[in-house]
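Engineer: Sequence unavailable; structure follows:
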């Protein structure tokens, strides 16, 4: 089971293999993206104190959006939305400007009325160029899995014609901390905590459309390329709303903890 | 007035300066992206016979979508849509997988019911990292302008929850041929021809929201980075519908001709 990340270094963003857990974790810097194997530099450092970047900068940034029934029911009841359970796997999009790594600040625009809500998600990272996949072979193109927080500014979500401000404000797409290979995307427990208190927990087994189904359907029409990411949606409630000073953490036992603090733009 | 493009070479995608017109045009290969000045290799070739790539691979791919009143009126009347004139400049998105250069084939998926329609657009190419622009200084971040054909599969546009198949099928976003600096984005004539016959012609002066306005509003929330593109929408009708064998060309006297043939996936 491989585990890797990307680190901000003076020489530029650097991929790194991750070994060990918690305070003992160490990274070994890699010469290139790990999609086609791991070529190490031999340079090893403690992970603590290093700055994590989003593990990839995706050429294409896909997001399932609505992919869990209980989340749709909750959003309709709580936010008075009129979301419907999707009848086909139509993928949506986010934008790379909004990415930030684990540990980076989420910066709330100074005039954002809010509420701002988390959406903790499993993220598939593409490792191979792929088109015309079948559900049976679809997962062969996936390099591994990470976590995403699809932060949403609900006032903008209601007022805007597109999701540009609801979803794609700078720093509103935390992603990380690590990419882990060899796990089952349909059998992961995802939880979200706010200031250390559990706020949401669900199993990815509840997806409306499996990752395999999404990949087969998407690649009927689009070519996936290494580094592309597919955010798979979230289940259940996405409250309490987040305010400056809060720390929001998305966790998956097999992957790690994606943790970010909210600050207000000066 | 600078004019540049990107060429497919054995050594990889290569930026190139363009000099001369028509059959006499020549390119000089550049060492790096031209956003911050032109460092030439001194290697000069006739443009004819070279393969044009999309002039950039955008880190973020923005699209205004609805930005001309006459196009909205036409789409509502002709397609029975219920589009409204936007009341604020909300930017949308396209995806880089769909890009193809001038001269490349547009490949219609084998089961696409159509109709497939052109949307010929002016495209702004970002040359500098930018946030918190004002309308007065907004154009300083723009490296130049190119053309885009925002091809649309109208059956998928009606049936899908998102625009992924309506707009982002592989090869459905031709972009090019050149990026030209120093022109006024609000005073360009854009025309579209199908098999050599004029199908649409409009002035960019009719934009609902100017590029300057879009840039100032967008950068209140998002950081633009070099290579980002902003497709500015189209005016008027977008017919005749396109079928395999057709050649569709988007033209602007100051920029050039973006020409692509449609083929059907085998």
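Structural biologist: Nice, thanks for sending it over. If you're wondering where the values come from, they're calculated on a predicted model, not measured in any experiment.
Engineer: Next to chain B, which bits of the stretch 101-250 of chain A? Give me the list.
Structural biologist: By the rule C-beta under 8 Å from any C-beta of the partner chain, the part of the stretch 101-250 of chain A lying against chain B is A:109, A:131, A:159-162, A:164-165, A:168-170, A:218, A:220-225. From N, CA and C alone the C-beta is placed, and that goes for glycine too.
Engineer: Just those: which are in helices?
Structural biologist: Using DSSP state H, the subset of these located in helices is A:159, A:164, A:165, A:218.
Engineer: which one is the last one nearest to, not counting chain neighbours?
Structural biologist: In this case it means residue A:218. Leaving aside its sequence neighbours, residue A:218 sits nearest to residue A:91 (C-beta to C-beta, 6 or more residues apart in numbering or on different chains; 5.6 Å).
Engineer: Burial check on the one you found, number of neighbours?
Structural biologist: Residues lying near residue A:91 (other C-beta atoms under 10 Å in any protein chain shown) number 26.
Engineer: isn't it right up against residue A:62?
Structural biologist: Yes - the pair residue A:91 / residue A:62 is scored as a contact, 4.9 Å apart, by C-beta atoms under 8 Å.
Engineer: shared neighbours of these two, anything?
Structural biologist: Common contacts of residue A:91 and residue A:62 (C-beta atoms under 8 Å, 6 or more residues apart in numbering or on different chains): A:218, A:230.
Engineer: picking that back up, out of the ones in helices among the residues of the stretch 101-250 of chain A next to chain B, which is most surrounded?
Structural biologist: residue A:218 (26 neighbours).
Engineer: Look up how far residue B:168 lies from it.
Structural biologist: For residue A:218, the distance to residue B:168 (C-beta to C-beta, to the nearest Å) stands at 10 Å.
Engineer: Also residue A:231?
Structural biologist: For residue A:231, the distance to residue B:168 (C-beta to C-beta) stands at 16 Å.
Engineer: Residue A:78 too?
Structural biologist: 31 Å.
Engineer: What of residue A:97?
Structural biologist: Separation of residue A:97 from residue B:168 (C-beta to C-beta): 18 Å.
Engineer: what about residue A:107, which helix or strand?
Structural biologist: Element membership for residue A:107 (DSSP states H and E) is strand A:106-108.
Engineer: what's that strand packed up against?
Structural biologist: Under the contact criterion of 3 or more C-beta pairs under 8 Å, 6 or more residues apart in numbering or on different chains; DSSP states H and E, strand A:106-108 touches strand A:256-264.
Engineer: neighbouring strands for the strand it packs on, and are they parallel or not?
Structural biologist: strand A:106-108 (parallel), strand A:247-252 (antiparallel) (DSSP bridges).
Engineer: Give me the contact list for it.
Structural biologist: A:100, A:102-108, A:110, A:116, A:120, A:146-149, A:174-178, A:180, A:242-251.
Engineer: Could you list the buried residues of it?
Structural biologist: By neighbour count on 16 or more other C-beta atoms under 10 Å in any protein chain shown, the buried set for strand A:256-264 is A:256, A:257, A:258, A:259, A:260, A:262.
Engineer: Make JSON lines from the strands paired with strand A:256-264 and add mean pLDDT and mean neighbour count to it.
Structural biologist: Formatted as JSON lines, the strands paired with strand A:256-264 follow (pLDDT from 0 to 100; neighbours: other C-beta atoms under 10 Å in any protein chain shown):
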{"stretch": "strand A:106-108", "mean pLDDT": "98", "mean neighbour count": "21"}
{"stretch": "strand A:247-252", "mean pLDDT": "98", "mean neighbour count": "22"}
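Engineer: Reformat these as TSV; add distance to residue B:126.
Structural biologist: As requested, the strands paired with strand A:256-264 are exported to TSV (distance: least, C-beta to C-beta, whole Å):
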stretch	distance to residue B:126
strand A:106-108	21
strand A:247-252	31
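Engineer: tell me, which helix in chain A spans the most residues?
Structural biologist: Max-length helix for chain A by DSSP H is helix A:69-79.
Engineer: And the next helix or strand past that helix?
Structural biologist: Using DSSP H and E, the helix or strand that follows helix A:69-79 in sequence is strand A:92-93.
Engineer: contact partners of that next one?
Structural biologist: With C-beta under 8 Å, 6+ apart as the criterion, strand A:92-93 contacts A:60-65, A:163, B:93, B:95, B:161-162, B:164, B:168.
Engineer: Any idea which of those the model trusts least?
Structural biologist: Within the contacts of strand A:92-93, residue A:65 has the lowest pLDDT, namely 91.
Engineer: Next one: that one from chain B, what distance?
Structural biologist: Look at residue A:65 and chain B: by C-beta to the nearest C-beta, to the nearest Å, they are 7 Å apart.
Engineer: didn't that residue look like it was pressed against residue A:234?
Structural biologist: No - the pair residue A:65 and residue A:234 does not pass the contact test of C-beta under 8 Å, sitting 9.7 Å apart.
Engineer: List the residues that contact the residue nearest in space to the middle of chain A.
Structural biologist: Closest residue to the average C-alpha location of chain A: residue A:148 at 1.9 Å, with C-alpha atoms, centre = their mean. Contacts for residue A:148 were tallied using C-beta under 8 Å, 6+ apart; they are A:120, A:121, A:122, A:123, A:173, A:174, A:175, A:229, A:231, A:250, A:258.
Engineer: Which of the contacts of strand A:92-93 fall within strands?
Structural biologist: A:61, A:62, A:63, B:93 (DSSP state E).
Engineer: Select from those the one having the most neighbours.
Structural biologist: Within the ones in strands among the contacts of strand A:92-93, residue A:61 tops the neighbour count with 30 neighbours, counted by other C-beta under 10 Å.
Engineer: is that one in a bridge, and if so with what?
Structural biologist: residue A:229.
Engineer: I'd say it and residue A:123 touch.
Structural biologist: No - using C-beta under 8 Å, residue A:61 makes no contact with residue A:123, being 10.1 Å away.
Engineer: any shared contact partners between those two?
Structural biologist: Common neighbours of residue A:61 and residue A:123 (C-beta under 8 Å, 6+ apart) are A:229, A:231.
Engineer: Which secondary structure element is home to residue A:146?
Structural biologist: Per DSSP H and E: strand A:142-149 holds residue A:146.
Engineer: average model confidence for the helix or strand following that strand?
Structural biologist: Next along the chain after strand A:142-149, taking DSSP H and E as the criterion, comes strand A:152-153. Average pLDDT, strand A:152-153: 98.
Engineer: what does strand A:152-153 contact?
Structural biologist: With C-beta under 8 Å, 6+ apart as the test, strand A:152-153 has contacts from A:112, A:114, A:115, A:116, A:117, A:119, A:165, A:166, A:167, A:169, A:172, A:238.
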